[in-house]
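Student: Got a predicted model here, sequence first, then my questions.
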Amino acid sequence: MASVVDLTDPVASEEQNGALTPADQIHRIAEGKLRAFAGTIDVTTGIYLDDVYAQNKSVAEHTAADYHGRFLIELVQNANDVHVRGAHDGQIEVLLVEDEGDFGTLYVANLGKPFTHGNVVALSRIGMSTKPPGESIGNKGLGFRSVSHVCDAPEVYSQASNAIGAGRFEGYCFTFARSEDLPSRIDNPTVLALAQSDLPMFFLPIALETQPETIVEYAARGFSSVIRLPLRDLDSLKTARDEVAALDDDGAPLLLFLDRLEKLDAKVRTRAGETSLAFTLERHEEPITSAPVAASIVSLSGAHWLLVRDHAPEALMQRAVDDGVKAKQLHSSWKDWSGGGEVGLAVPLDHEISSPRLYTFLPMGEGATAPFQGHLHGSFFPSSNRKALDASVALNRLLLTQAVTLAAASVRWLADRDTGRSHAALTAISRAKASVDLLVWTNPSSLTAAKSPGERLDLPALSAAEVARLGEQEFASVPVIPCAVTLGGVLSIGWRCPMEVRATFEVSATFNLLAVAKHGATISPPIAPLLPELTSERIGRLTAFLRQYAPALFRDRMAPIECARIAAKIAGTLRAGKRPATSQWTAFYRDLPSFMKEGPEMLVGFPVILCDDGTVRAGRSDVPTDGEIPRARRRRRKGERIEPSLFFPPATRPSGENEDIPIEQLRVPAPLAAHFAFAASTLPWHGELRAAREFLERSQVSAYDGETVLTRISQVVNAGASVEEALAGLRWAFAIWRRAQATRSIKVDSSYRLLVPTADGMIHATEAVFSETWPDELLGRRLNALFSAAPPDVADFSDYRKRLLAPTSHRAFKGQATLWAEFLRGLGVGTGLRALPLPTMPPTRSYEVTSFGFAKKLGLSDAAIADWKRDVSTFNKESLRHAYSTNYKFANALWHLPGQSDHERFSDDCREIYAGLVIEWLAGAGKELLRVDLRHEHFSSDQYPWSTPAGAFIRSGAWLPADDPSSDGPVRRFYSPSEVWVSSNERFPFYLRQVAVTIGRIIDRRQPDALKKLRIYGRLRLLNDPAIALDQARFLASQYAAGTVRPHYEQQLANLYNATWKC
């Protein structure tokens, strides 16, 4: 039993300690600590005067729990701290001997500075450290206690400073008293009981007199200190194995920021030397002296890292520390801070990491995620378990801000073209990846949320702002984004501003990275694709960052107009002309739809269509959509240039279909080359390029459709076309129409307004009439006969002759005349006579209308005016009595027949020809040509029916030739149709007046229209019609009274007359 401790014995001074051996010093420390403990107890009552030790035990146990899974890291940290600052040759050795002791033993040795008296004292206190803040990794005095997870009695062996390399450790060698060690040191049972119950772990140092074999070996090898941990149980052995293996975690390299160390050896073996795990971590650092930031290349066992460092100014650090101490965020020991606050950023150069980590020299715990894709070290004040940082702590905020500023400066440096020359490891690709990793920051959960909005630290926004500040312009304009560019036609890496960057596009053989990079730089404004080698994960992080901090300027995908500009640039590089690069053009169009993913609309105006003539043209903006012909936005001015039209060539027809019309005839005639073009027929538009053709048909090139082509021909020839252009358009339209007849025939009509040749030039087809060389049924011969028989001074006929279509021998009409005739009739070329419109009558006073005073201004002759007035007065008498005396106007056009004013002075033969042509016209005439409404200028309900001059002529004019019987034979006279009778289906009595034979034949040939129209609009009389029986009786009586009926036929006349009264 030891003597009772004398509690009044003072603790020896440092000078006295210097005269004692390390073992004696340890004994003195222990005695002092026991006296201090006993002084807190009332030995009479056995009650604490102050239970501070019990409290410390609880705090120590809770604190140690925070370090679960990190005890070996903490020992490595302590081993690093004892190496000389500024040196880089430090070494640590970790050895686990699995069968030494009951459950294995772990050793951690180092070549640093040996233990001092102060170290021993600090190690036996909770929350105290001899390491001043700012000079070492650990300064809380807590980390060593984490060994309690695996060991109850850790052992420390340290060499005397003057005995390095001796055969054993001559310095402080000690362990800590356990409960069973206390009875030999405490006599008072009350104090002993309380000590065994309440003394904190690792409270009482005990000098070690003996040294195991392994410890002696370490001393002989020159190691300065060794921590020996006899493991508690099998679970502790497993934990030790796991933590040794974890030192080799290349995701968060242990030595990355430990610039005092050169090597760490780790081994797991048995006493017999059987090794189950062994590895060596080596660190080499090479500064980059030319960099504007403190940068270096760190090699860790073959892997390369870019490491940049900086320091927060000491004054700012002191202020942050003071604020933290006042706010109770930092321990009061931080008041001793000196120097700047260190920050370091590390990003990989030749590999990828999956878990960016926060460091305080050593990696913090899992979950301590760094706010960028790299590792962040700083002189932070972390949580006690080293798994998070409180960003509201002023010290941490300062260092995080300093880190972002350092990252921004590093990004700017990496974007400098000359940076790649500073070190072989800084390849273009590694620089690109590193710059993105340093640029893109996040706000991870490992940075605990601030308590108020004012304390929040938005690191991504700060990164963008710092880059903008250093670049002296807005972030979107600073060239810090690595992109694919071309130099000398070869892909390279360039640095572009966010507004020019495009993340993705549809890659194909034609629109590959080289092509888009090359031509994207030449468009205005330029664009550049992101570097694919950045990897998809990094690109994803970067694009999200750019969307946030370069909104509306950076684009994930190229805009459709940008794609169109690049497509046009690429098309401009492909060989065209008479011998185009067919395979390249085929590939171009095959890939175009996927590249222009949003649609072809933006290609409007860009030359991307290879045409049959070897040119490359821009597509149209008003092509058919969904099968409908586009409507012009406005009427084109005369002489205005027509935008060239592009069409795809028609599909090749099977053999035998219209073989007499070669496909070449459907190609653009030379005179129309400036207005039309076909996409190159050498390309497989209806085969391999079908999808491309359908894509371009949406808004660039018209699908081949005969009606669409005819519409465009019409637009061209009606916009001031020359004679050659008009003739070419007519011939081409005929070829297209004829080819279509074999499948889906094209219906041509007057709306196409094509021009046709006459003796005097080109006129619209609707204004022309067939001439004498065309087939007889087109009435050209009869029309020519009329003109030949008529007086030469008939003005109407002089003008009408100008409408005569050129003969079939004209160069425009190559081919079968019958087919041409069918085509031209469809276009509106007329036959024989046709009514012509008169000038429009402006609103006219009622009295001028009823007196027909206006008619002279329309160009009508006096005779025609008299006939018109007589007709209206006879058949529309009420139309000459108006409700108002104000203005009236005709609702539609007024029409007249050429020659109607002069027909009475024609010869009988001429008049007969004329009558036949009038009937031919009347059979196909519409009501609007014969009748019209006169309306009040403002009151549409005030209207009156009128005949047109043409209608008045048909109804009241004496133009219809008829033969009256006489004893000398038929006598030719001319009557109005109401004075002539015809039979519907039985033979007409030959003893009565009847239509001239030639006219009757025409009426019969044009049945039923001719007879119907004559009856409706000319009031021609039909024999035996009950509705006009009285008129028929008068007609028969007048025939008899005229003496034209021979006596031989009088009985037949009488019978017909009697039958009339019975109708």
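Tutor: That came through fine.

Student: can you pull the buried residues of stretch 159-178?
Tutor: Buried residues in stretch 159-178, counting neighbours by 16 or more other Cβ atoms under 10 Å, are found at 159-160, 169-177. Placement of C-beta: from N, CA and C, glycine included.

Student: swap in stretch 426-435?
Tutor: 426, 428, 430-435.

Student: show me the contacts for the residue nearest to residue 767 when sequence neighbours are not counted.
Tutor: What sits nearest to residue 767 in space, not counting adjacent residues and going by Cβ to Cβ, 6 or more residues apart in numbering, is residue 803, at 5.8 Å. For residue 803, the contact set (Cβ atoms under 8 Å, 6 or more residues apart in numbering) comprises 758, 763, 767-769, 830.

Student: Inside strands: which ones of those?
Tutor: 758, 763 (DSSP state E).

Student: And the closest residue in space to residue 981 that isn't next to it in sequence, how far from residue 208?
Tutor: Once flanking residues are discounted, residue 981 sits nearest to residue 1021: 4.3 Å by Cβ to Cβ, 6+ apart. Residue 1021 sits 150 Å away from residue 208, going by Cβ to Cβ, to the nearest Å.

Student: on that earlier part again, of the buried residues of stretch 159-178, just say which sits nearest to residue 495.
Tutor: For the buried residues of stretch 159-178, the minimum distance to residue 495 (Cβ to Cβ) is 54.0 Å, reached by residue 159.

Student: and the closest one, what pLDDT?
Tutor: Residue 159 is assigned a predicted lDDT (pLDDT) of 96.

Student: Ok, residue 635 next?
Tutor: 50.

Student: just residue 11 next, same as before
Tutor: On the pLDDT scale, residue 11 gets 44.

Student: who touches the strand ranked longest in the chain?
Tutor: The longest strand of the chain (DSSP E) is strand 275-288. Residues from elsewhere that reach strand 275-288 (Cβ under 8 Å, 6+ apart): 88, 98, 241, 244-245, 247-248, 253-256, 258-259, 261-269, 294-301, 307, 422-423, 426.

Student: Go ahead and build a PyMOL selection from the buried members of the residues you listed.
Tutor: Buried residues within the contacts of strand 275-288, by 16+ other Cβ under 10 Å, are selected in PyMOL with:
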select buried, resi 98+241+244+247+253+254+255+256+258+259+261+262+263+264+266+267+268+269+294+295+296+297+298+300+307+422+423+426
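
Student: Sitting in strands, which of the contacts of strand 275-288 do you find?
Tutor: Reading strands off these with DSSP E, I get 261-269, 294-300, 307.

Student: Buried residues, stretch 193-202. List them.
Tutor: 194-195, 198-202.

Student: Can you tell me what sits against that stretch?
Tutor: 34, 37, 41, 46, 48, 51, 53-54, 56-57, 59-61, 64, 123-124, 126, 144-145, 148, 154, 176, 179, 182, 186.

Student: By mean pLDDT, flag the weakest helix or strand of this structure.
Tutor: helix 14-18 (a mean of 53; mean pLDDT, DSSP states H and E).

Student: In the stretch 201-350 of the chain, mark out all the helices, start to finish.
Tutor: Taking DSSP state H, counting those that start in this stretch as the criterion, the stretch 201-350 of the chain carries its helices at 213-220, 234-246, 314-326.

Student: Give the buried residues for the second one.
Tutor: What that stands for is helix 234-246. Applying 16+ other Cβ under 10 Å to helix 234-246 flags 236-237, 239-241, 243-244, 246 as buried.

Student: what is the orientation angle of it with strand 261-269?
Tutor: Relative orientation of helix 234-246 and strand 261-269, computed by axes from the mean of the first three to the mean of the last three Cα atoms, to 10 degrees: 140 degrees.

Student: Residues in contact with helix 234-246: which ones?
Tutor: Residues from elsewhere that reach helix 234-246 (Cβ under 8 Å, 6+ apart): 69-73, 94, 96, 98, 103-104, 106, 149-151, 229, 231, 266, 268, 277.

Student: how far off strand 275-288 does that helix point, in degrees?
Tutor: 40 degrees.

Student: With the first one instead?
Tutor: An angle of 30 degrees separates the directions of helix 213-220 and strand 275-288 when computed by the same axes, to 10 degrees.

Student: Need the contact partners of helix 213-220.
Tutor: Contacts for helix 213-220 (Cβ under 8 Å, 6+ apart): 93, 95, 97, 100, 105, 107, 109, 157, 159, 165-169, 211, 226, 228.

Student: 10 Å instead?
Tutor: Outside helix 213-220, the residues that touch it by Cβ atoms under 10 Å, 6 or more residues apart in numbering are 93, 95, 97, 100, 105, 107, 109-110, 155, 157-159, 163-171, 173, 208, 210-212, 223-226, 228, 271.

Student: Residue ranges in the protein under the pLDDT threshold?
Tutor: The chain contains residues with pLDDT under 70 at 1-18, 59-68, 126-142, 385, 448-455, 620-643, 653-666, 742-743, 1063.

Student: Secondary structure element for residue 716, which one?
Tutor: Element membership for residue 716, per DSSP states H and E: helix 706-717.
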